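Q: Model the structure of this input:
(chains A and B)
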Amino acid sequence: MAVLSCLGLLVLVGSAAAFLIWAERKIAGRIQDRYGPTRVGGRFGWLQSVADGIKILGKEDIIPASGDRLLFRLAPYLAFVAAFSWYIALPFSDRLVVARTDIAALFVVAVAGLEVYAILLGGYASGGKWSLIGGMRETVQVISYEIPLTLGAIIPVVLTGSMDLVAVGEAQKGGFWNWYIFHNPFAFLGFWVFVTAAAASLNRAPFDLPEAESELVSGYMTEYSGFRWAAFMLSEYIAIFAMCLLTAVLFLGAWHMPLPIFEWFGWKSGNSYLHYWMSHIFEAAIVATKALFGAMVLMWARWSLPRLRIDQVMIVCLKYCLPLGALAFIGCLLWQTLFPGGIFSAVINF
Amino acid sequence: MAKQQSILPAEQWESFDIQTEELLVNMGPQHPSTHGVLRLVLRTRGETVLELTPFIGYLHRCAEKIGENVSAQQWIPYTDRLDYLAAMNMNLGWALTVEKLLGMTVPERGRHLRVALVELDRIASHLVAVGTYALDLGNFTPFMYCFREREKILNLFEQISGARLTFSFIVAGGVRADAPAGWVEACREFLDQLPTTLSQVHHLLSTNAIFVRRTAGIGVLTKELAIGYGCSGPVLRASGVQWDLRRHGEPIYTSLYEDYHFEIAAPNPSGRYPPAEELPLPPPEAVVGDCWHRYFVRMYEIHQAAKLVRQALEKYEDSGGPVGSPIKHTHKLPKGEAYLETECPRGQMGFFVVGRDSPVPWRVRARSSSFCNLSVLPELCRGAFIADVPAILGSLDIVLGEVDR
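A: Prediction:
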């Protein structure tokens, strides 16, 4: 069963990444007043990612002579595995989760930092100075942003009282006013700290320094070609989708609709096997929609913002994200102690 | 006021717990942000640049020597290839130099057409400068917007000259041909919609918080240093020097701009510009002579050049008569010499020609503005971060075709 669900997940995640790569190009095109892909697979170029994949497989595979052959080969698959392991604990609905564990939140945050090994290895094994600088930047950035990221992720855990992501999702049932982003002002602050840190740890603009093409020429990816490059690229988008899923589960009401219309109208899914799975797939579609919306916002930011400098990235982390994250965390703790329940229920009770 | 990063003295480096080795890295000649085939060798410590040395010559094509083997008119296409982003300006510089040697004047209608073309090309060139600068700082979108507008200018140039980059259109004696029917209206149409894009670029760059952080206070070029290194054009003006050859040049050049109204795009010591419509105010962090001002001077000049084109088109329509005709290839250059500098988008481009009573000049020399502007780069980059190197280099806006010639 585990193997089957992993295979299913692989297909799902792979197609999500392919879709995101296509969407990135299409959105970039629209923002920049051009068309984006139009040729492959009909008017909107749906199959662009597939065509790119086939093209990439035919590319010459180069390993730099000065590089470390073993580590150079290892790095992209490490990146892929790191990005893919997120999904082991990420729930799509209260039943659609590969492995429901009590420490899912901890696992996910821990796995989020794994990618840094791949990029540092890639940068080091390429045997180039620019690639090495790219890898070093990535290390500094990801390790620093782990802290605000964790501080942000711990808020829903505190509010729920469980590290089980399914429990976190279920606790936000019934309307957007129950979502943790609107739970209390500190949680709202924590959400933005989490989003900033997430963008930074995903190396998305304006924090995409490791692959800054203007000075580093794509950083650690410079020397990669063919399928290894594709593995890096895929894992980047897989991680984006995973991070957006995590954001949706933690803060944006997981698989619940913004308005609980099913409950209002008294609609219930039937008891049959088909009904059961249909309702879960519907829930998965909701959480995926939220995640895709998050990914769109990341793309929007990427195509309209310049890139920060490495010291400015660190300043954003250490001077703003970290204190604000700590404030949000402590605020949420106090809030939970003083008025348990969300701000809406607090107002009503008052 | 933000200060420029300075390198720590050696003893302070020694006091750090973690010592990093100095690293010698090579930037270019195949590097996307060196804007052509420029090679920079950087001695770095961590992310700090201790020393930067530019190496040039990868695009040297013996342009000057070729000029001594062909007639003056035949060298026009070679001037196109000096600053290939502002070929009209290059053509004009050489044409005026030859005209100066010959003591010729061009009919009024031709002069106004020349101004219209040159200023349109200035807009096109600055659009590339601003767009690629945005690209250097990691923002792709303004680049596409700027290139879209530039494309429209190139279409206009294609209508009038048949070429999109190397026009060879302004020649000694006038211009090659009069504008085709409907060209002036097409120009006006372009100018009418240009402000929309410019305000988008202002939103995305001039006032964008990240852009300001990346450029304000970075690579500060003082007035003295700028003059000392012979910088010119937007680089000089951004340092607060009120100097524009269109006003302060030789009569043969300034006479072109006699009845035109425009502001010299240079900040005053407090960092303010002459008032102009729809322009954002400089951010408080910007220091006169930094990357932000060098960028903004170009944006300002685009606005001014658009005004100049409008005036030129009006005067061109009002004036009758011929536009001038090219001198023959066999036209003899008299004995004597002439030197003339003109205000090109990248600075003062000078041409020197020595005649020997033959169509082929005895000596041709081109004084490049980009070369002088590039020479100040090591000064500006000392103590900056690696990420600032593209920011500073991009703000100098060099064209290697002109540096190497």
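
Q: So out of everything in the stretch 251-350 of chain A, what residue is nearest chain B?
A: Distance from chain B to each residue of the stretch 251-350 of chain A (C-beta to the nearest C-beta) is smallest for residue A:307, at 2.9 Å. (Each C-beta comes from the backbone N, C-alpha and C, glycine too.)

Q: Phi and psi next, for residue A:207.
A: phi -110, psi 20 (degrees, to the nearest 10).

Q: Only C-alpha atoms, please: export stretch B:288-305 in CSV.
A: Provided in CSV are the C-alpha atoms of stretch B:288-305 (Å, rounded to 0.1, in the frame of the first residue of the first chain):
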residue,chain,number,x,y,z
VAL,B,288,24.4,62.2,-5.8
GLY,B,289,26.7,60.1,-8.0
ASP,B,290,25.4,56.7,-7.0
CYS,B,291,23.9,54.0,-9.1
TRP,B,292,20.4,55.2,-8.6
HIS,B,293,21.2,58.6,-10.0
ARG,B,294,23.0,57.2,-12.9
TYR,B,295,19.9,55.1,-13.7
PHE,B,296,17.6,58.0,-13.1
VAL,B,297,19.5,60.4,-15.2
ARG,B,298,18.9,58.1,-18.1
MET,B,299,15.1,57.9,-17.3
TYR,B,300,15.1,61.7,-17.1
GLU,B,301,16.9,61.9,-20.4
ILE,B,302,14.3,59.7,-22.0
HIS,B,303,11.6,62.1,-21.0
GLN,B,304,13.6,65.0,-22.2
ALA,B,305,14.5,63.3,-25.5
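
Q: what separates that stretch from the chain centre, distance-wise?
A: 11 Å (C-alpha atoms, centre = their mean, to the nearest Å).

Q: do it and chain A meet?
A: No: Stretch B:288-305 stays clear of chain A (C-beta under 8 Å from any C-beta of the partner chain), getting no nearer than 11.5 Å.

Q: and the residue of the stretch 251-350 of chain A closest to chain B, how many neighbours?
A: Residues lying near residue A:307 (other C-beta atoms under 10 Å in any protein chain shown) number 26.

Q: Same question for residue B:144.
A: Residue B:144 has 18 nearby residues by other C-beta under 10 Å.

Q: Check residue A:297 too.
A: Using other C-beta under 10 Å, residue A:297 is surrounded by 14 other residues.

Q: Closest to the centroid, which residue in the chain?
A: Because you didn't say which chain, this covers chain A. Centroid-nearest residue in chain A, with C-alpha atoms, centre = their mean: residue A:243, separated by 1.6 Å.

Q: nope, chain B please
A: residue B:346 (1.9 Å).

Q: Quickly note the distance from that one to residue B:311.
A: 23 Å (C-beta to C-beta, to the nearest Å).

Q: Residue B:240 now?
A: Distance, residue B:240 to residue B:311, using C-beta to C-beta: 27 Å.

Q: repeat for residue B:335
A: Distance from residue B:335 to residue B:311, by C-beta to C-beta: 38 Å.

Q: So between the two, which is more surrounded?
A: Remark: of residue B:335 and residue B:311, residue B:311 carries more neighbours, 18 against 12, as counted by other C-beta under 10 Å.

Q: The closest residue to that one other than its chain neighbours: which element?
A: Nearest residue to residue B:311, sequence neighbours excluded (C-beta to C-beta, 6 or more residues apart in numbering or on different chains): residue B:260, at 5.3 Å. Under the criterion of DSSP states H and E, residue B:260 resides outside all helices and strands.

Q: need the contact list for residue B:260.
A: B:115, B:308, B:311-312 (C-beta atoms under 8 Å, 6 or more residues apart in numbering or on different chains).
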